[in-house]
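**Student:** Show me the folded form of this:
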Amino acid sequence: MPKKTKKEKIIAQYRKRLKLLQQAQFTKSDQIDKASSFSKETLTIAEKKNKITDAKEITIENEENKDIKIYFFQDLKKSIFLSFLIIVLEISLYFVRIIK
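**Tutor:** Presented below is the predicted three-dimensional model:
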């Protein structure tokens, strides 16, 4: 078979894009139809479930934040202590050299 020309390739790309756009439009219209067919009861049940899961996620996040804060302050204390220790060591070495 002969190879495609540039024009044929461009036309093929446009066809693919058209197909994708048409499929996207059909899926959007199908979703709108399905959404309108749901009753209010199912929506309220779904909202209640979402609220419950949101509340659980919030409590889990709060617990994780507490743990992170605890570890952060522990690490901060350790780093401040080590920096202070290093500074004191440097100052003491400085004075020892001066005395000699």
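**Student:** And what about residue 3, helix, strand or coil?
**Tutor:** Recorded secondary structure, residue 3: coil (DSSP: H, G, I helix; E, B strand; the rest coil).
**Student:** Look up phi and psi at it.
**Tutor:** Here is the backbone geometry of residue 3 (degrees, to the nearest 10): phi -70, psi 160.
**Student:** and it, how many neighbours?
**Tutor:** Look at residue 3: counted by other Cβ atoms under 10 Å, it has 6 neighbours. The way it works is simple: take the backbone N, C-alpha and C, and place the C-beta from them, glycine included.
**Student:** which element is residue 26 on?
**Tutor:** Using DSSP states H and E, residue 26 sits within helix 6-37.
**Student:** what is the mean pLDDT for that helix?
**Tutor:** Helix 6-37 comes out with an average pLDDT of 78.
**Student:** And for stretch 84-99?
**Tutor:** On average, stretch 84-99 scores 94.
**Student:** Which positions within it qualify as buried?
**Tutor:** Buried residues in stretch 84-99, counted by 16 or more other Cβ atoms under 10 Å: none are found.
**Student:** what are the C-alpha coordinates of that stretch, in PDB please?
**Tutor:** In PDB, the C-alpha atoms belonging to stretch 84-99 read as follows (Å, rounded to 0.1, in the frame of the first residue of the first chain):
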ATOM      1  CA  PHE A  84      23.700  25.100  70.700                       C
ATOM      2  CA  LEU A  85      26.100  22.300  71.500                       C
ATOM      3  CA  ILE A  86      28.100  22.900  68.300                       C
ATOM      4  CA  ILE A  87      28.300  26.700  69.000                       C
ATOM      5  CA  VAL A  88      29.500  26.100  72.600                       C
ATOM      6  CA  LEU A  89      32.100  23.700  71.300                       C
ATOM      7  CA  GLU A  90      33.400  26.200  68.700                       C
ATOM      8  CA  ILE A  91      33.600  29.000  71.300                       C
ATOM      9  CA  SER A  92      35.400  26.800  73.700                       C
ATOM     10  CA  LEU A  93      37.900  25.800  71.000                       C
ATOM     11  CA  TYR A  94      38.400  29.400  70.200                       C
ATOM     12  CA  PHE A  95      39.300  30.300  73.800                       C
ATOM     13  CA  VAL A  96      41.500  27.300  74.100                       C
ATOM     14  CA  ARG A  97      43.600  28.400  71.100                       C
ATOM     15  CA  ILE A  98      43.800  32.000  72.500                       C
ATOM     16  CA  ILE A  99      45.100  30.800  75.800                       C
END
